[in-house]
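Peer 1: Based on what follows, work out the 3D shape:
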Amino acid sequence: MKLGILNRCLVDERDEKLLDLHLDQIEKHTRVPYTIYATANGLLPQFRVKMERHQRVKIREYPTTNLPNGPDHGFYLDHLIKTAIEDGCTHIAILHVDSFPVRSDWVEQLSGKLSESYVFAAPYYGAYTACLFFRRDFYLKYRPTFLIPEDERSSEKYKNFCKTFEHIPHAGAGYLFKAYSEGLSWYPLQESNKGNAHYGYICSVYDDLVFHLGAVWSYSEHEIHKNTSYISARTWTWKHVWFPVFRVLSSGTGQQALGAKKSFRHLMSLGWRHLGFPMFFTPVLCYERKQLLEDPGSYLNYIRTGKRCR
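Peer 2: Numbers count the residues shown, from 1 in each chain. A predicted model of the protein is given here:
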């Protein structure tokens, strides 16, 4: 096995700790030979130097796209995967800068989920490329793209796909559509959190294998301390009001529901398409990000088991 890990690697100057944690967790928990493929496009000079010095990283620069933030993620990932395939990778994993493994058998476990019909594994809803895992042969046979091709969006097949899978139009949705079009299936990674209640959007652990923070946004210490009471109120409201409602609405398992009932999937898909990331998550994300970076070991243990390390 030769694993290629693809990373858009777009961070600002205050995200160095998060980038270091990402690289450290991959090195700590990956037991198979691997290479991280990262884009130079948009990468700050100091981080480019850091990545170029890393023995497991290959930096590539591609033609610049005029696509807006979001769709451009899929554009660059399409280029990265071609590089990884040409380099002989047998398995591909896409991880965001804020997603990384938390168990040392993550590759073996995800690889074991794949078959002729289950052609990739991905989070069940929304953040498809926070951990999208598949084999070389699937890519070479079907040539999926991370975004749904524009000429397909008016097709009957796509309309039928939307009726069954009310997806969020993130990078990776093209893989769902390709599998649907070819009569294939995929393995939906489910949240396995024990220590918090932000399932589905931020601070999720999938199948107790991979953690995803939810977004790479930086906040200064002043901003964090200034908004402590505001963050606490929002966190309490999310945990005790919105989250219980969300869990009822999003009940359902496997591909048929993609983790949410049809009416709720439709609502969330429209929200993401027209409003983007729900801003009421911002203060909660700010608080959780701070906790993660202050003590990653204790925080991740809490998320996974519900217990803090002493």
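
Peer 1: what's the longest helix in the chain?
Peer 2: In the chain, taking DSSP state H as the definition, the longest helix is helix 71-86.

Peer 1: Tell me where the model's unsure across this structure.
Peer 2: Within the chain, the segments meeting pLDDT under 70 span 69-70, 197-201, 215-284, 309-310.

Peer 1: For it, which segments are assigned as helices?
Peer 2: Under DSSP H, the chain gives helices at 16-29, 45-53, 71-86, 106-112, 136-142, 156-164, 173-181, 221-226, 228-237, 243-249, 254-257, 262-275, 282-294, 296-305.

Peer 1: what angle sits between the longest helix of the chain and helix 173-181?
Peer 2: Calculated by axes from the mean of the first three to the mean of the last three C-alpha atoms, to 10 degrees, helix 71-86 forms an angle of 70 degrees with helix 173-181.

Peer 1: which helices and strands sit right next to helix 71-86?
Peer 2: If contacts are counted by 3 or more C-beta pairs under 8 Å, 6 or more residues apart in numbering; DSSP states H and E, helix 71-86 sits against strand 3-7, strand 34-39, strand 57-60, strand 91-94, helix 136-142. The C-beta positions use only the backbone N, C-alpha and C, and glycine is treated the same way.

Peer 1: Spatially central, which residue of the chain would that be?
Peer 2: Taking C-alpha atoms, centre = their mean, the centroid of the chain lies closest to residue 130, which sits 1.2 Å from it.

Peer 1: For residue 212, see how far away that one is.
Peer 2: 4 Å (C-beta to C-beta, to the nearest Å).

Peer 1: Likewise for residue 104?
Peer 2: Distance, residue 104 to residue 212, by C-beta to C-beta: 18 Å.

Peer 1: Looking only at neighbour counts, state which of the two leads.
Peer 2: A direct count of neighbours by other C-beta atoms under 10 Å for residue 104 and residue 212 places residue 212 higher, at 24 against 12.

Peer 1: separation between the more buried one and residue 55?
Peer 2: Counting by C-beta to C-beta, the gap from residue 212 to residue 55 is 25 Å.

Peer 1: Show me the domain layout of this structure.
Peer 2: 3-189, 204-305 (automatic domain parsing).

Peer 1: Contact partners for residue 31?
Peer 2: By C-beta atoms under 8 Å, 6 or more residues apart in numbering, residue 31 lies in contact with 104, 105, 107, 108.

Peer 1: could you redo the last one with a cut-off of 6 Å?
Peer 2: residue 104 (C-beta atoms under 6 Å, 6 or more residues apart in numbering).
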